[in-house]
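[1] what's the 3D shape of this:
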Amino acid sequence: MKVKSIKGGDKSQFRRYRDLCYGDTSLGHLLWAEFVVFFFGWIPGAAGVFLRSKIYPSLFAEVKGKLLIGRNVTFRHFKKIKLGSGVIIDDNAMIDAKGENNFGITIGDNVFIGRGTIVYCKNGNIRLEDSVNFSSNCTVFSSNSLIVGAGTMIGAYSYFLSGGEYDYKSEVPFAEQSGMETKGETIIGRNCWVGARVTVLDASRIGRHCVIGANSLVNGAIEANSLAVGAPAKKIKAL
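    A predicted model of the protein is given here:
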């Protein structure tokens, strides 16, 4: 998969900004989004939450119901973001569905995205199923496909990857590579509890009803109904 570069070339500053933040959307939608974010994105307290719940839904590809958005939340590529009912996105989070030919980000009903958490694509897809709960300062990245199953809880500072690999055999400097190499999709099953500071690498799979201990590194498959810890994470007990 190839993504248009926002660097260099003969693009204007405005065109590069548009590619980075909006993608292929109309100028009217871009200007409306800029207006909404400038005047309503920063407002604190209940007034800000209320106003954003009424105005922001017009920006997205789809919003199925009530929406609560905190202060200073950054959205990029609004038209590739679909939100269920009862979604809560806390202050300073970022949701970025960037990509040329991806579907983007789909967030199910009653999902909570904690303060400072970043959910972003680089021409990949992300699906957070119903009642997924991300604590603060997590990072979720996809240049392939990343799925988090319904009812799963994720501790603070966890890092999930689908893709994001570099070719260490290549003569091209890492900083000039796309960073989109991938071995396969990453899937976290339903009703899992992932502890704080857990890293889940590209193409890993965690079965349903698993507990992953804090500070673990998942690099492969964890079978369903397992308690796993360590780096790499290994099953130590059946649930």
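[2] Could you use CA atoms for every contact and neighbour count after this?
    Fine.
[3] Show me what residue 63 is bridged to.
    Residue 63 forms beta bridges with residue 83, as assigned by DSSP bridges.
[4] Residue numbering should commence at 45 henceforth.
    Will do, 45 is the new start, and the previous item becomes residue 107.
[5] what about the most centrally placed residue in the chain, which helix or strand?
    With distances taken as CA atoms, centre = their mean, residue 163 lies nearest the centre of the chain, 2.0 Å away. Assigned by DSSP states H and E, residue 163 belongs to strand 162-165.
[6] same for that strand, what does it pack against?
    Helices and strands touching strand 162-165, by 3 or more CA pairs under 8 Å, 6 or more residues apart in numbering; DSSP states H and E, are strand 138-140, strand 183-186.
[7] after the shortest one comes which helix or strand?
    When you say that, I think you mean strand 138-140. Immediately after strand 138-140, counting by DSSP H and E, sits strand 149-151.
[8] Can you pull the phi and psi angles for the closest residue in space to residue 252 that isn't next to it in sequence?
    Excluding its sequence neighbours, the residue lying closest to residue 252 (CA to CA, 6 or more residues apart in numbering) is residue 233, at 4.1 Å. Backbone torsions of residue 233, given as degrees, to the nearest 10, read phi -70, psi 180.
[9] so residue 233 makes contact with residue 250?
    Yes. The pair residue 233 / residue 250 is scored as a contact, 5.7 Å apart, by CA atoms under 8 Å.
[10] quick one, which of those two is more surrounded?
    Legend: neighbour count by other CA atoms under 10 Å for residue 233 and residue 250, higher for residue 250 (28 against 23).
[11] Quick check: phi and psi at that one.
    phi -110, psi 120.
[12] If it is in a bridge, with which residues?
    With DSSP bridges as the rule, residue 250 is bridged to residue 232, residue 266.
[13] How far off centre is the helix or strand containing residue 119?
    In the assignment (DSSP H and E), residue 119 maps to strand 118-120. Taking the mean of its C-alpha atoms, strand 118-120 sits 11 Å from the chain's own mean (CA atoms, centre = their mean, to the nearest Å).
[14] who does it touch, helix- and strand-wise?
    Short answer (3+ CA pairs under 8 Å, 6+ apart): strand 118-120 packs on helix 57-65, strand 138-140.
[15] lowest-pLDDT helix or strand in the protein?
    helix 57-65 (a mean of 94; mean pLDDT, DSSP states H and E).
[16] With just CA atoms, put that one into CSV.
    Extracted in CSV, the C-alpha atoms of helix 57-65 (Å, rounded to 0.1, in the frame of the first residue of the first chain):
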residue,chain,number,x,y,z
GLN,A,57,1.1,24.5,2.3
PHE,A,58,-2.7,24.4,2.2
ARG,A,59,-2.7,21.3,0.0
ARG,A,60,-0.3,19.5,2.3
TYR,A,61,-2.4,20.5,5.4
ARG,A,62,-5.5,19.3,3.6
ASP,A,63,-3.9,15.9,2.8
LEU,A,64,-2.6,15.5,6.4
CYS,A,65,-5.9,16.4,8.2
